[in-house]
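**Q** my questions concern the predicted model and sequence given below.
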Amino acid sequence: MNWTAIVVETSTEAVDAVSYILTDTGATGVKIDDAADYQKLKPGKYGPYGEIVDPSTLPHREEGAAVTGYYPPTTFVPEKIADIRQRVAKLADFGLNPAPARVAAEEIDNQDWATAWQKYYHPVRVTRELTIVPQWEEYTPATADEKLLVLDPGMAFGTGTHPTTQLMLQALTIALRGGESMIDVGTGSGVLSIAAKQLGAGEVWAYDIDDVAVKSAKKNLALNPIAKDVHTGVNSLLDGIHTQVDLVVANILAEIILPLVPQAFENLKPGGKFLTSGIINTKFETVKKAIEAQGFVVDETMRIKDWYGIIAHKPAPEEA
Ligand SMILES: C[S@@+](CC[C@H](N)C(=O)[O-])C[C@H]1O[C@@H](n2cnc3c(N)ncnc32)[C@H](O)[C@@H]1O
């Protein structure tokens, strides 16, 4: 069986959201071809031999964007296309114009696609202290306080470079003091649990609804000795979990965060913190209001591009 490329033709403004949908539905890599990127190009060395070329003469899209996701041979393509089509069309409800929202699939012969995306994935210093290093790269920290997160994201979401992950990495840097217990909901590649351990978290539980993600998280946790003791499991949100931790972190889409809000409140100690992202700009107010209505105090809101993150805490009795 071959790999499949699913191409979504969309507008420039919906590129980030469509990339998110493709990654969230199992694409191991995403390619973006956006007419707006060519319009921004200045004359430069774009020729095959590094010669200076007028960018307008390069072959390029005249308008809109095409976002391509690469899916492994195990993907059941008709179901995947239907899911993507529905989620792309729904972007209009969030104020993003997905037009023309055409979704098409094509088989890819070349088996190299399984790893082709790896050549675009290099070490990236995501915060002052945290650098994500692909497992296959050699990397020497530039400073003594730089902490490494070694990752092979494979099929799971969480290379660390998506704005929603970056928001949570920043939030963890702000919120953690050391020794905190934490639950990572929707762990994907395990990136946030590894970061939390690097930043001094104590006991950590990492859950995901997708068993492929949990397998990937286990593999990545093992690559990072500091995170070897993180507990993992398949679980939908915090269903059936009744505990008291210092931190709940979740980078999941807004629609999924809403049912998580009361569960996070129940599972946090008084004074405990709820860090969440995956919130597209048009859903931000709805999620923030739901968090406040639950009784949380919103301490900080953060934004990268069209995505928001929220840091909130469950008030301690003395705050009431
Ligand atoms: C956007 S990814 C986040 C991955 C990683 N935590 C990060 O920040 O990069 C969202 C993850 O949530 C998982 N997920 C979606 N719905 C879920 C649910 N109801 N319960 C638990 N996990 C869920 C997905 O499988 C996916 O791995």
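**A** Cool, got the structure. What you are looking at is a predicted structure, and each value in this text was computed from that prediction instead of being measured.
**Q** for the host helix or strand of residue 193, give the mean pLDDT please.
**A** Applying DSSP states H and E as the criterion places residue 193 in helix 191-198. Mean per-residue pLDDT for helix 191-198: 97.
**Q** and the pLDDT at residue 247?
**A** For residue 247, pLDDT reads 98.
**Q** so how far is residue 239 from it?
**A** According to Cβ to Cβ, to the nearest Å, residue 247 stands 19 Å off from residue 239. In short, each C-beta sits where N, CA and C put it, glycine included.
**Q** again with residue 190
**A** 20 Å.
**Q** could you do residue 290 as well?
**A** 18 Å.
**Q** settle it for me: which of those two has more neighbours?
**A** Between residue 290 and residue 239, residue 290 has the larger neighbour count (other Cβ atoms under 10 Å), namely 17 against 11.
**Q** quick one: secondary structure of the more buried one?
**A** helix (DSSP: H, G, I helix; E, B strand; the rest coil).
**Q** what parts of the protein come near the ligand?
**A** 24, 156-158, 164-165, 168, 185-188, 191-192, 207-210, 213, 236-237, 251-252, 256, 278 (Cβ under 6 Å from any ligand atom).
**Q** which of these are buried?
**A** Neighbour-count burial (16 or more other Cβ atoms under 10 Å) applied to these gives 24, 156-158, 164-165, 168, 185-188, 191-192, 207-208, 210, 213, 237, 251-252, 278.
**Q** quick one: which helix or strand includes residue 5?
**A** strand 3-10.
**Q** tell me how far that strand is from the chain's mean position?
**A** 19 Å (Cα atoms, centre = their mean, to the nearest Å).
**Q** mind listing what that strand pairs with, with the direction of each?
**A** strand 65-71 (antiparallel), strand 102-108 (antiparallel) (DSSP bridges).
**Q** CA atoms only: put it into CSV for me.
**A** The C-alpha atoms that make up strand 3-10 are tabulated as CSV, following Å, rounded to 0.1, in the frame of the first residue of the first chain:
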residue,chain,number,x,y,z
TRP,A,3,1.1,6.8,1.2
THR,A,4,-1.7,9.3,0.4
ALA,A,5,-1.4,13.1,0.0
ILE,A,6,-4.6,14.9,0.9
VAL,A,7,-4.7,18.4,-0.6
VAL,A,8,-6.9,21.1,0.7
GLU,A,9,-7.3,24.2,-1.5
THR,A,10,-8.2,27.1,0.8
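**Q** what element comes up after that strand heading to the C-terminus?
**A** Taking DSSP H and E, what comes next after strand 3-10 is helix 15-24.
**Q** what's that next one in contact with?
**A** 6, 8, 10, 30, 32, 34, 65, 67-69, 84, 87-88, 91, 94, 96, 98, 157, 162-164, 253, 280, 305-307 (Cβ atoms under 8 Å, 6 or more residues apart in numbering).
**Q** residue ranges with poor pLDDT in the protein?
**A** Applying pLDDT under 70 to the chain flags residues 1, 38-60, 109-121, 153-158, 320.
**Q** domain-wise, how is it divided?
**A** The chain breaks down by automatic domain parsing into domains covering 3-117, 121-319.
**Q** and these, which is most packed in?
**A** domain 121-319 (a mean of 19; mean count of other Cβ atoms under 10 Å).
**Q** can you map out the helices along this protein?
**A** Ranges of helices in the chain, per DSSP state H, are 15-24, 35-40, 77-90, 113-116, 163-175, 191-198, 211-223, 254-267, 284-293.
**Q** which one of the ones you listed lies closest to residue 315?
**A** Across the helices of the chain, residue 315 has its closest neighbour in helix 254-267 (10.4 Å, Cβ to Cβ).
**Q** quick one: contacts of that closest one?
**A** So helix 254-267 is contacted by 183, 185-186, 237-239, 241-245, 248, 250, 252, 274, 276, 278-280, 283-284, 286-287, 290-291, 294-296, 314 (Cβ under 8 Å, 6+ apart).
**Q** repeat that for stretch 305-320.
**A** By Cβ under 8 Å, 6+ apart, the residues outside stretch 305-320 that reach it are 16-17, 96, 163-164, 167-168, 170-171, 174-175, 265, 268-281, 284, 287-288, 291-292, 295-303.
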